[in-house]
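>>> 3D, please:
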Amino acid sequence: MNLPDRLQESLKRLASALDHLEAAGERRAMADRVRSDLEEELAVMQDDRARLAVELDGALDRMRVLNTANEDVSQRLERASQTIRSVLDGVRIPAGADAPEQDS
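A predicted model of the protein is given here:
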């Protein structure tokens, strides 16, 4: 059966349009999959960011506690050092006196 030329041309254009539509549908489906993957990856990164923020807050709190303890220990050591110096200053050996003997 021989179709008229106009009808054959129209069928070719229709087939071509359907091919283009199918290709566009495939591209859209691929873009949707990529978008879905990106959204999932973004959600994972946001969860990681939230977890890291909590860990950072905890680390900063521990650092503050350690800094406070460090300052306290430093002040106590300084006071102890001053006390030892004042005791040693009060126990000066007079010039010409023999040093106390040590048991061996």
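>>> Secondary structure element holding L3?
Using DSSP states H and E, L3 maps to neither a helix nor a strand.
>>> can you tell me how far it sits from A59?
For L3, the distance to A59 (C-beta to C-beta, to the nearest Å) stands at 78 Å. Every residue, glycine included, has its C-beta placed from N, CA and C.
>>> Please apply the same query to R92.
Applying C-beta to C-beta to R92 and A59 gives a distance of 50 Å.
>>> do the same with E40
Taken as C-beta to C-beta, the span from E40 to A59 is 29 Å.
>>> what does A80 give?
According to C-beta to C-beta, A80 and A59 sit 31 Å apart.
>>> Quick one: neighbours of V54, just the number.
10 (other C-beta atoms under 10 Å).
>>> now the helix or strand where it lies: mean pLDDT?
V54 is part of helix 5-90, with elements assigned from DSSP H and E. Helix 5-90 shows a mean pLDDT of 95.
>>> Distance-wise, check the spatially most central residue of the chain relative to E41.
Nearest to the geometric centre of the chain sits L52, at 4.7 Å (C-alpha atoms, centre = their mean). Noted for L52: a distance of 16 Å to E41, by C-beta to C-beta.
>>> try K12
Using C-beta to C-beta, K12 is found at 43 Å from E41.
>>> How about L11?
From L11 to E41 the distance is 45 Å (C-beta to C-beta).
>>> One more: V91?
73 Å.
>>> for A69, same thing?
41 Å.
>>> cool, L66 as well?
Here L66 is placed at a distance of 36 Å from E41 (C-beta to C-beta).
>>> Can you tell me how far S16 is from L3?
Here S16 is placed at a distance of 17 Å from L3 (C-beta to C-beta).
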